[in-house]
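K.L.:
The following block contains a protein sequence and its predicted model.
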Amino acid sequence: MNAPDVVVITGMSGSGRTQALHVFEDMGYYCIDNLPPRLLLDLAGMVGINAGVGRHLAVTCDLRSQGLFDDLADSLASLTDHEMSYRVVFLDASDEVLVRRYNENRRRHPIAYEGEEVAHAVARERALLADVKAHADLVIDTTSLTTRALTAQLRRVFSELTEQQLLEVHVFSFGFKHGLPAEADLMIDVRFLPNPFYEPELRDLNGNDAAVARYVLDNTAGQDFLAAWEKLLDTVMPGYVAEGKSLLSIAVGCTGGQHRSVAIANVTAAHLSELGYRVSISHRDLPKAARG
């Protein structure tokens, strides 16, 4: 299905609205928390929803403001009048679980009166939201749902990308002598491979040059490593996808970040692209004058 222009996330307080909004943010939606519904049309226009730019909007709405839902139907109708599609997602959970979540977090329920028990506030909120739930396009019960499962369910329904494309992968090369990259999720050291620095005709080239790439890869050590490295990636990448990870950084390091790491980073990015992941590549230390 095509992703709707606007997604309104509502439901019981403590049912996971904030977590859901984070999922939409990771999917590339423009996200706003606790928006009065009457501002939906104006906000959609401001972010260019109907301007043909392919942007989508996700907002959460709750009962923290008096009469917040009085104009929800009119606001949704105005979106239709302006040829914008929408879906309303209602998140729910059992009263027992909602009360426990608030007690464990020691947070005040957003609509609780002074001195009111959480259970009473939950019951009152449920009654106020009955009509909204009845007219929602999708109701998700998070009583026994993990954050990972909620993420997967929302992605299946609202993302136009495949699960692999939802994981943005950044592959980059670096040189150990210029410092370790703090942002790396995975890091591989390729300093054991043949070093083009010691070949006079290759020293002033880098891993983007075909001659250097051949020197690094067209040998037993290079081929054995590449086969094992790609097998490792083929094993771990589906796990990151299943975990709902949205961004993964893979760092490939050699001594100076000029030859071996650049060549291996390039073939790593190519391999992952062939598997359907969204891949970007950079070479952190390539501009540096020092070689090796």
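P.N.:
Yep, it's here.

K.L.:
got a list of contacts for the helix or strand in which Val89 is found?
P.N.:
For Val89, the enclosing helix or strand under DSSP states H and E is strand 86-92. Applying C-beta atoms under 8 Å, 6 or more residues apart in numbering, the contact partners of strand 86-92 are 4-12, 15-17, 20, 76, 79-80, 129, 132-133, 135-143, 154, 158. (Each C-beta comes from the backbone N, C-alpha and C, glycine too.)

K.L.:
So in the chain, which helix runs the longest?
P.N.:
Secondary structure of the chain per DSSP state H: the longest helix is helix 220-243.

K.L.:
Any buried residues in that helix, and which?
P.N.:
Residues 222, 225-226, 229, 233, 237, 240-241 are the ones in helix 220-243 that count as buried (16 or more other C-beta atoms under 10 Å).

K.L.:
Only the buried subset of the contacts of strand 86-92, as a ChimeraX command please.
P.N.:
To isolate the buried subset of those in ChimeraX, counting by 16+ other C-beta under 10 Å, use the following:
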select :4,5,6,7,8,9,10,11,12,15,16,17,20,76,79,129,132,133,136,140,142,154,158
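
K.L.:
Which members of the contacts of strand 86-92 occur in helices, if any?
P.N.:
17, 20, 76, 79-80, 132-133, 154, 158.

K.L.:
What is the nearest of those to Pro36?
P.N.:
Leu76 (13.2 Å; C-beta to C-beta).

K.L.:
quick one: that closest one and Val8 touch, right?
P.N.:
Yes - under the criterion of C-beta atoms under 8 Å, Leu76 makes contact with Val8 at 7.5 Å.

K.L.:
shared neighbours of those two, which are they?
P.N.:
Between them, Leu76 and Val8 share the contacting residues 37, 40, 86, 88, judged by C-beta under 8 Å, 6+ apart.

K.L.:
what's the pLDDT at the residue nearest to the third one when sequence neighbours are not counted?
P.N.:
Right, Tyr86. With C-beta to C-beta, 6 or more residues apart in numbering as the criterion, Tyr86 has its nearest non-adjacent residue at 4.2 Å, and that residue is Val6. With respect to pLDDT, Val6 scores 94.

K.L.:
what does Gly276 give?
P.N.:
For Gly276, pLDDT reads 89.

K.L.:
try Leu226
P.N.:
For Leu226, pLDDT reads 97.

K.L.:
For it, list the residues it contacts.
P.N.:
By C-beta under 8 Å, 6+ apart, Leu226 lies in contact with 217, 264, 267.

K.L.:
try 10 Å this time
P.N.:
190, 193, 216-217, 264, 267-268, 271 (C-beta atoms under 10 Å, 6 or more residues apart in numbering).

K.L.:
One more: Pro196?
P.N.:
202-207, 209, 211-216, 254, 258-260, 263, 291-292.

K.L.:
Weed out the non-buried ones from those residues.
P.N.:
202-203, 205-207, 209, 212-213, 215-216, 254, 258-260, 263, 291.
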